[in-house]
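how would this look folded up:
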Amino acid sequence: MSRRFLPLFAIVLAAACTEPNLPSISDPVVTASSPSAPRVARERLAERLARALADPAVRASLKQRLDASRAPERKLQFQALARADQAVLLAALTRSIPGSVQDVLADLNAAHGLEVYLPVAAHRAEWSGDDDFLVATIGRDGDSPIAFDAAGTRYVLHPDRAPDTPVLALVPQETDFTGGRPQLAATCWDWCGGGYGGASPGGYTPPANPNAGLYLTSSHFEEGHESWLKGKPEYEYHVYGLSAGSDAEQLACTGEHAGGGYVFDQNDDDWNGSALMLSETDRAAYERSHPGQPVRIVAFEDDDGPCEARVDGNRLTVLLQSVDAAYRAYTSGKLEPLLFRGIKAAPSVFNLVSAVRNAITTGDDIIGNAVESSISGWVPGGANWALKTDGTRTAGWFTTEYRR
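Residues are numbered from 1 along each chain as shown. As a prediction, the model looks like this:
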């Protein structure tokens, strides 16, 4: 161990004094339905990666790919990287800790999208691919990063200061690895340094998969939005599109009573799973009737009829106007099936009030209007959309992905 690693012990000892019962990698397995499952999976993967990098050949391969990355800060998409080159890294991850390939694949899935890179510029310039490194992961900004060395020793790093030892971050994905070229999103071009091998760059051909479409994979609400007297909440995500002129119509609803692949039942602050937000068939139909037009996503707590928003039209107008003003009207999304997340920020062009039932005395609770993270700023847990209300106040957030 190098002399540069010594300051880390002080950090570890200080953390140990305040947190004597830190969780370890040997803690009981958390089920995939638990809100903490992505965090636990990330931590297991961080330890596996650190142990795998004890092999000089694995380190050299990762270093080469990091240096060749064209993404910001030389990031790499970790799930794609694990499967690159006949899954060489996946095999190394499996060997690093006793277990099966299925165990690693389950963690890669539970962790959702991950990126790996050296976030500290000095570390990027300094690390030569040698054995002096840490692999660290984190939950939310402000948390203490959890790190591992090549022997699998677990450390708690300072939340505000990086150690001298180069740190490889394995964290929730925030980067569009297509580099602004959505036609390459289905390939390994920027994800893992491979060559072009996907669909024709001339356009997108809808897949034959009947389940293709935009999916909700995680959701968080800051408030319960429901009285104890009325039982569990019934959250819904409504997707609106342009109808005629500037009027809007509801294209889809994701909720407890939506039916089919659109069923989504969240009863706590956090939810992780898979629920359809807009099918590929409906997306393609909308694109044909309104080429290039965006959609707007609004979350409600339903009090009246399922998947039919009944709100105070005046209140909805004020809320949307305040959010539009705060984010310069970039409060809608353009559906892009070849993007990993499936949707990117776009300016709003329609009047949403025309698509809801105007109920003044009673109605559903408006939770918030979706604003993409590149516009809203950092969103916890790597989510790509924030739910905004009253201007810039965050009411929740959610994550999407497009399945082809």
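
hey, what's the spatially closest residue to Lys75 that is not a sequence neighbour bridged with?
The shortest distance from Lys75 to any non-neighbouring residue, by C-beta to C-beta, 6 or more residues apart in numbering, is to Tyr117 (4.1 Å). Bear in mind the C-beta positions are built from the backbone N, C-alpha and C, glycine included. Note on Tyr117: beta-bridge partners by DSSP bridges are Ala169.

Surely Tyr117 is in contact with Val167?
No - using C-beta atoms under 8 Å, Tyr117 is not in contact with Val167; the gap is 10.0 Å.

what bridges to the closest residue in space to Gly292 that isn't next to it in sequence?
Excluding the flanking residues, the one nearest Gly292 by C-beta to C-beta, 6+ apart is Lys334, at 7.6 Å. Taking DSSP bridges as the rule, Lys334 bridges to Lys344.

Find me the pLDDT at Lys334, would you?
Looking at Lys334, its pLDDT stands at 94.

Also Tyr196?
We note a pLDDT of 30 for Tyr196 in this prediction.

ok, Val333 to Gln293 distance?
Let me fix one detail, which is that residue 333 is Gly and not Val. 11 Å (C-beta to C-beta, to the nearest Å).

So those two - more neighbours on which side?
Per other C-beta atoms under 10 Å, whichever of Gly333 and Gln293 has more neighbours is Gly333, with 25 against 16.

residues in contact with that one?
294-297, 343-346, 370, 372, 385 (C-beta atoms under 8 Å, 6 or more residues apart in numbering).

again with Asp324
Applying C-beta under 8 Å, 6+ apart to Asp324 gives the contacts 331, 348.

Tell me the buried residues in the helix or strand hosting it?
Assigned by DSSP states H and E, Asp324 belongs to helix 313-326. Neighbour-count burial for helix 313-326 flags 313, 316, 319-320, 322-324, 326 (criterion: 16 or more other C-beta atoms under 10 Å).

Closest one of the residues you listed to Asp132?
Within the buried residues of helix 313-326, the smallest distance to Asp132 is 45.4 Å, found for Ala326 (C-beta to C-beta).

Which parts of the stretch 51-200 of the chain are helices?
Along the stretch 51-200 of the chain, the segments classed as helices by DSSP state H, counting those that start in this stretch run 56-68, 78-96, 101-110, 121-126.

Tell me the helices and strands packed up against whatever helix or strand Leu214 lives in.
Taking DSSP H and E as the definition, Leu214 sits inside strand 213-221. Here strand 213-221 touches strand 235-242, strand 270-279, helix 280-289, strand 393-403, going by 3 or more C-beta pairs under 8 Å, 6 or more residues apart in numbering; DSSP states H and E.

who touches Ser144 in this structure?
Neighbour list for Ser144: 15, 138, 156-159 [criterion: C-beta under 8 Å, 6+ apart].

of all the residues you listed, which two lie farthest apart?
Maximum pairwise distance among these (C-beta to C-beta): 13.8 Å, between Ala15 and Ile138.

just to revisit the earlier point, in strands, which of the contacts of Gly333 fall?
Within these, residues falling in strands by DSSP state E are 295-297, 343-346, 370, 372, 385.

mind putting those in CSV, distance to Asn209, pLDDT and neighbour count included?
Formatted as CSV, those follow (distance: C-beta to C-beta, whole Å; pLDDT from 0 to 100; neighbours: other C-beta atoms under 10 Å):
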residue, distance to Asn209, pLDDT, neighbour count
Val295, 21, 95, 26
Arg296, 26, 94, 23
Ile297, 23, 96, 28
Ile343, 18, 94, 27
Lys344, 22, 93, 18
Ala345, 26, 94, 20
Ala346, 25, 93, 21
Ala370, 25, 96, 27
Glu372, 25, 94, 23
Trp385, 24, 96, 28
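
ok, of those residues, which one's closest to Gly213?
For those, the closest approach to Gly213 (C-beta to C-beta) belongs to Ile343, at 11.1 Å.

Skipping adjacent residues, who's closest to that closest one in space?
Residue nearest to Ile343 in three dimensions, not counting chain neighbours: Gly333, with 4.1 Å by C-beta to C-beta, 6+ apart.

I figured Ala151 was touching Ala54, is that so?
Yes - between Ala151 and Ala54 a contact is recorded at 7.4 Å, counting by C-beta under 8 Å.

Neighbour count: these two, which is higher?
It is Ala54, of Ala151 and Ala54, that has more neighbours when counted by other C-beta under 10 Å, with 15 against 9.

Quick one: residues contacting the closest residue in space to the more buried one that isn't next to it in sequence.
Once flanking residues are discounted, Ala54 sits nearest to Ala150: 3.9 Å by C-beta to C-beta, 6+ apart. Residues near Ala150 by C-beta under 8 Å, 6+ apart: 50-51, 53-54, 131, 133.

Is it correct that Ser376 is in contact with Tyr327?
Yes - assessed by C-beta under 8 Å, Ser376 is found in contact with Tyr327 at 6.8 Å.

Show me whatever sits in contact with both of these two.
Residues touching both Ser376 and Tyr327 by C-beta under 8 Å, 6+ apart: Lys388.

Just say which of the helices and strands packed on strand 213-221 is most tucked in.
Neighbour counts (mean count of other C-beta atoms under 10 Å) averaged over each of those peak at strand 235-242, with a mean of 24.

Remind me what that strand packs against, helices and strands.
strand 213-221, strand 248-255, strand 270-279, strand 295-301.

Looking at the buried residues of helix 313-326, which one is closest to Leu90?
Val323 (42.2 Å).

any idea how far the closest one is from Ile367?
Separation of Val323 from Ile367 (C-beta to C-beta): 12 Å.

got it, and Asn209?
Going from Asn209 to Ile367 by C-beta to C-beta gives 31 Å.

When the two are compared, which one has more neighbours?
The residue with more neighbours, out of Asn209 and Ile367, is Ile367; 22 against 10, by other C-beta under 10 Å.

So that one: helix, strand or coil?
Of the three states, Ile367 takes strand under DSSP: H, G, I helix; E, B strand; the rest coil.

was I right about Val323 contacting Lys388?
Yes - if you go by C-beta under 8 Å, Val323 and Lys388 touch, sitting 4.8 Å apart.

which neighbours do these two share?
Residues touching both Val323 and Lys388 by C-beta under 8 Å, 6+ apart: 331, 368-369, 371.
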